[in-house]
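> Give me a model of this one.
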Amino acid sequence: MPKVTFRDPAGIEHEHELDIGSTVMEGAVDHGVPGIVAECGGACACATCHVYVDAAWLNRLPAMDDMEDAMLDSANLRKPGSRLGCQLEVTAELDGLVVQVANNEI
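Take a look at the predicted model:
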């Protein structure tokens, strides 16, 4: 199973193995990663699973669609590496992914 490292808003790292086919958001919720609120349950409707993808990984991810892009416009402190965890499907190629959890408290 691919390992993903989450840096929570307090700066603490949480490394977890995630199931292939799940999403980064689902993995964070399943493992209780602080800061991932996931209010909409993964429907790309709230931006409370906002993460900052480490720059080394940005070009390895699929391009975001218009819906994710629009939802990120409502997120707290959007940055160039901003993505929604619910839109990032875990694949074997993402083994080692590092994301910083944004301040998603609503």
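> If I look at N104, what pLDDT would I see?
On pLDDT, N104 comes in at 85.
> and it, which of the three is it?
Counting by DSSP: H, G, I helix; E, B strand; the rest coil, the backbone at N104 sits in coil.
> wait, doesn't it sit right on C40?
No. N104 lies out of contact with C40 (C-beta atoms under 8 Å); the separation is 11.6 Å. The C-beta positions use only the backbone N, C-alpha and C, and glycine is treated the same way.
> ok, those two, which is more surrounded?
N104 (21 against 16; other C-beta atoms under 10 Å).
> Run through the residues that contact that one.
G35, I36, V37, A47, T48, C49, H50, N76 (C-beta atoms under 8 Å, 6 or more residues apart in numbering).
> What values do phi and psi take at it?
Torsion angles at N104 (phi, psi; degrees, to the nearest 10) stand at phi -100, psi 0.
> From G81, how far off is it?
From N104 over to G81 the distance is 15 Å, taken as C-beta to C-beta, to the nearest Å.
> again with G27
The value you get for G27 to G81, if C-beta to C-beta is used, is 18 Å.
> out of these two, which sits in the busier spot?
Ranked by neighbour count (other C-beta under 10 Å), G27 and G81 place G27 first, with 22 against 15.
> can you tell me how far the residue positioned nearest the centre of the chain sits from A70?
Nearest to the mean C-alpha position of the chain, by C-alpha atoms, centre = their mean, lies G85 at 2.8 Å. With distances taken as C-beta to C-beta, G85 is found 16 Å from A70.
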